[in-house]
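Colleague: For reference, the sequence and a predicted model appear below.
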Amino acid sequence: MKIDLDWQGDLEFKSNFPSEHNITLDASEESGGRNKGPRPMEVLLSGLGGCTGIDVVLILKKMKAEIEEFKLDVNAERAEEPPKRFTKIHLTYKFKGKNLSERRVERAINLSEKKYCSASSSLNADITSSYEIEHTD
């Protein structure tokens, strides 16, 4: 997967995705940004929520559950000192529908968390990163 980010000035970046969508990322005005988009760490949490949410819906559909409403709250705590990583993340899954026993929903959440959600696995991984620098004229 390759994502391109184009600097828009100040602290704003346009992030271009392989799915042909894009979003604007920015910092708060207090941090020197112009508040023109979500913060990168907000997008990271949103990605986690979206990843597990999609998994859970697909799994519950396979279990013949009928979801009428589904809301997912993601609450996180960050370290006080840089790099201010997430130290705790708590997800609250809220459902309304038929055939949504606690056992089925719990099974779907556990399968997402332990087997399918690549975002969750990435947040728990020992990540190796590398970089290179290119100068363009």
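Modeller: Right, received. Where do you want to start?

Colleague: Show the pLDDT at the residue sitting nearest the centre point of the chain.
Modeller: In the chain, the C-alpha nearest the mean C-alpha coordinate belongs to G47, at 1.6 Å (C-alpha atoms, centre = their mean). At G47, the predicted lDDT confidence score is 97.

Colleague: now do I133
Modeller: The model's pLDDT for I133 equals 71.

Colleague: I believe it is in a helix; please confirm or correct that.
Modeller: No. Going by DSSP: H, G, I helix; E, B strand; the rest coil, the assignment for I133 is coil, not a helix.

Colleague: tell me, how many neighbours does it end up with?
Modeller: Neighbour count of I133, defined by other C-beta atoms under 10 Å: 4. The way it works is simple: take the backbone N, C-alpha and C, and place the C-beta from them, glycine included.

Colleague: Which of the three states applies to L91?
Modeller: At L91 the chain is in strand, as set by three-state DSSP.
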